[in-house]
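S.K.: Following is a predicted model, sequence given first.
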Amino acid sequence: MATRRSSHGPARLPRRLQPRKEPAQARSRALVEAIVEAGARVLAEQGWEALTLQDVAVRAGVSPGSLYQYFPDKAALVAEVTERQSERELAFHLERFAAITPDTSLEDTLRLMLRAVVDFQRREAALFRATLDALQHLGRYQQLAARAHEAARGLRAVLELHAARLAVRDLDLATHVCANAIHSLTHDGVMPRPATLDDETLLRELERLVLGYLLPRP
């Protein structure tokens, strides 16, 4: 996992959540990588409430003192874990969206976008649930919301490309409704997903929901 730099780095985090210092040497960077990766594993397994920096240090194979050199408390460490996951999610979607061309139909484009959302959720499901639960303790809503808006701009561009086919003429409204509906259903919203609802069924129902909203009735 690569260490991210300034444009999406600690400067965007509240000061209390920033690492104590930036690793300058290769050995220090490797140490921070080990700590963050261990933090992600422990968070996914134990959740915010049970996570301790002692557990993370043991999992990373480092001393607690080495960990505290970079992360003063678990909020700072989990903020870093969450920041990196948010960046991975955005990069994952942008890579998938690169396959979309102006000749791709609206239906195929939306299927690709919906599958990308579900595929990333499947890949990092446990960590996703844990980081969402931790957000209330981190005060990081604005940073993550900014990334969501960036992804939503891609959806709006798709809708603009196919605007002539849409039943909804207000593209800002259509983007708002679709982006929030997709996010809520794939991130569990106010209700957790039933155990019987598999990914393929969810994709099919999301497609029906979004296309049924966007396209005129036959």
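M.R.: Thanks, I have the structure now.
S.K.: Run through the residues that contact residue 99.
M.R.: residue 112 (Cβ atoms under 8 Å, 6 or more residues apart in numbering). Using the backbone N, CA and C atoms, a C-beta is placed for each residue, glycine as well.
S.K.: Helices along the protein, start to end?
M.R.: In the chain, the helices defined using DSSP state H lie at 26-50, 53-60, 64-70, 74-97, 106-123, 125-138, 141-161, 171-186, 199-214.
S.K.: Quick one: those as CSV, columns for mean neighbour count and mean pLDDT too.
M.R.: As requested, the helices of the chain are arranged in CSV below (neighbours: other Cβ atoms under 10 Å; pLDDT from 0 to 100):
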stretch, mean neighbour count, mean pLDDT
helix 26-50, 17, 93
helix 53-60, 18, 96
helix 64-70, 16, 92
helix 74-97, 20, 90
helix 106-123, 17, 90
helix 125-138, 17, 84
helix 141-161, 15, 83
helix 171-186, 17, 92
helix 199-214, 15, 94
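S.K.: Residue 192: which of those is closest?
M.R.: Among these, the nearest to residue 192 by Cβ to Cβ is helix 125-138 (9.1 Å).
S.K.: Which strands or helices does the closest one pack on?
M.R.: Packing partners of helix 125-138 (3 or more Cβ pairs under 8 Å, 6 or more residues apart in numbering; DSSP states H and E): helix 26-50, helix 74-97.
S.K.: quick one on the thing from earlier: present the helices of the chain as JSON lines; the columns should include distance to residue 192.
M.R.: Formatted as JSON lines, these follow (distance: least, Cβ to Cβ, whole Å):
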{"stretch": "helix 26-50", "distance to residue 192": "14"}
{"stretch": "helix 53-60", "distance to residue 192": "26"}
{"stretch": "helix 64-70", "distance to residue 192": "33"}
{"stretch": "helix 74-97", "distance to residue 192": "20"}
{"stretch": "helix 106-123", "distance to residue 192": "13"}
{"stretch": "helix 125-138", "distance to residue 192": "9"}
{"stretch": "helix 141-161", "distance to residue 192": "20"}
{"stretch": "helix 171-186", "distance to residue 192": "11"}
{"stretch": "helix 199-214", "distance to residue 192": "13"}
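S.K.: separation between the closest residue in space to residue 151 that isn't next to it in sequence and residue 119?
M.R.: Once flanking residues are discounted, residue 151 sits nearest to residue 93: 5.7 Å by Cβ to Cβ, 6 or more residues apart in numbering. Going from residue 93 to residue 119 by Cβ to Cβ, to the nearest Å gives 10 Å.
S.K.: do the same with residue 81
M.R.: When residue 81 is compared with residue 119 (using Cβ to Cβ), they lie 20 Å apart.
S.K.: Next: residue 72.
M.R.: Noted for residue 72: a distance of 35 Å to residue 119, by Cβ to Cβ.
S.K.: Repeat that for residue 42.
M.R.: Distance, residue 42 to residue 119, using Cβ to Cβ: 24 Å.
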